[in-house]
Structure formats: structure tokens, C-alpha cells
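Asker: Give me a 3D structure for the following:
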Amino acid sequence: MALIPNVYARRIGVLASAAALAALTSLVNAPTAAAAPPTPMSASAARAYLATVTPKTEGSTSGYSRDLFPHWSTVSGSCNTRETVLKRDGVNVVQDSACAAVSGSWYSEYDGATWTVATDLDIDHVVPLAEAWRSGASSWTTSKRQQFANDLTRPQLIAVTDNVNQAKGDLDPGKWLPPRTAYRCTYARMWVNVKQYWGLSMDSGEKTALVNVLNGC
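Answerer: Next up is the predicted model:
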């Protein structure tokens, strides 16, 4: 078999390298799909859990402070929980050296709005910190409350339109549900999933609202 002259071998190598670089560049520049919060339990599992829940009168907010739930903890390097969720929930998110999101696109599941400036978004605690306090977290250690406030494993954190999150405040599903009705089933599943995992109680109005939503799922 004839040997390929060195010049041709080098040329083939260059072409192969160029093709590999082009493929890599294409991957880097390709739009990234919007990630979602961790998948919540199914509607049937949520209904089954609710059937075991005995409603309990909600506690008071006496002694409550957001400072008792240290949040936006460092996840890695200069990235904290807020920036991690913004990166996860957005599309084509670019972060600066301090991990702050400087560009990207975010779809707010609560109201169906799309934003391109990170400051237009809040990171919602699906089960609000004050709600958790009234539901049992008042007896937790600060360390456990910190884990709850930065929980990236359960469907507890989601990037949404800031004023929609502010309208929600610390209300439970008996008093507030996402204005985008198509997301209410998912929201109810998220809520139940978080409360079940963290062992938080539910009051009667909260449970009734969740049952009503999940029965339509």
C-alpha cells in the first residue's frame, strides 16, 4: 500500500482539527434549553399524601425573621443559590466573573411573562419562609432553616416575575395560587412535595385548596 506523503497527512490533520473545532463551536453557541426546577411528585402521589394529612391550626409569626433562614448561600465559587437558580431556569444565561447573570431569557411560569433582565425576577420560595415558620420551622435549628431556604433538590425554588412573587408574599394556596391557571397543578404538586419532605403542617384552608387543585389534574 502506498504511503500518504507527509504534506497530505498534515493537510488531513488540519482539516480534521478544523471540523472538530467547528463542531465544538456549534455546541457552545447552540441555544440551551430552559431547565426546570426538580420534578415534583405526581398528582396521584400528592393526593395520596394529602389523604393522610390531619389539618393543624397554623402557628403565629411571633419571633419570625428572614434572618433566621440564612438564604442565598454559596453553592460553588462565587455563585450563590439565587444565581444558580437564575442559570438553571433561564435560556442562554451569561454570567460575569462574580456569577451575576448579565444576559439571558427567563419565562415566569406563574404569569407567563418573559424577561431578559435578571433584576426583573425574584427567586420564589414555593413554600414561603414565614409560612414554613408557622408550620413547624420555628422549632428547627438555624442550620436546618438554612438548608430549607436554599433547597435546590426539592421543587422549592423557582425564578418568577418579581411583582408576582411580591403579590404572593407568604400566602399559602388557600389564599394565593399562580395567576397562570395552567401552572396551578404543578404548583400544588411542588407545594405538597416540599411540605411532605420537610415535615411541615397544613391548615384546613390550605389542604382544601390543594385537594381542589389536584383533583383537577
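Asker: which residues sit against the host helix or strand of Tyr49?
Answerer: Following DSSP states H and E, one finds Tyr49 within helix 43-50. Where contact means C-beta atoms under 8 Å, 6 or more residues apart in numbering, the residues beyond helix 43-50 that reach it are 40-41, 185, 188-189, 192-193, 196, 207, 210-211, 214-215, 217. To be clear about C-beta, it is placed using only N, CA and C from the backbone, and glycine gets the same treatment.
Asker: rerun that using 7 Å as the cut-off
Answerer: The contact list for helix 43-50 (C-beta atoms under 7 Å, 6 or more residues apart in numbering) reads 185, 188-189, 192, 196, 207, 210-211, 214, 217.
Asker: Just the buried subset of those, please.
Answerer: Buried members of those, counted by 16 or more other C-beta atoms under 10 Å: 185, 188-189, 192, 196, 207, 210-211, 214.
Asker: ok so, going back, could I get the contacts of helix 43-50 in CSV, plus columns for pLDDT, distance to Asp120 and secondary structure?
Answerer: Shown next, in CSV, are the contacts of helix 43-50 (pLDDT from 0 to 100; distance: C-beta to C-beta, whole Å; DSSP: H, G, I helix; E, B strand; the rest coil):
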residue, pLDDT, distance to Asp120, secondary structure
Cys185, 98, 26, helix
Ala188, 98, 26, helix
Arg189, 98, 26, helix
Val192, 98, 29, helix
Gln196, 98, 32, helix
Lys207, 98, 33, helix
Leu210, 98, 29, helix
Val211, 98, 34, helix
Leu214, 98, 31, helix
Cys217, 95, 30, coil
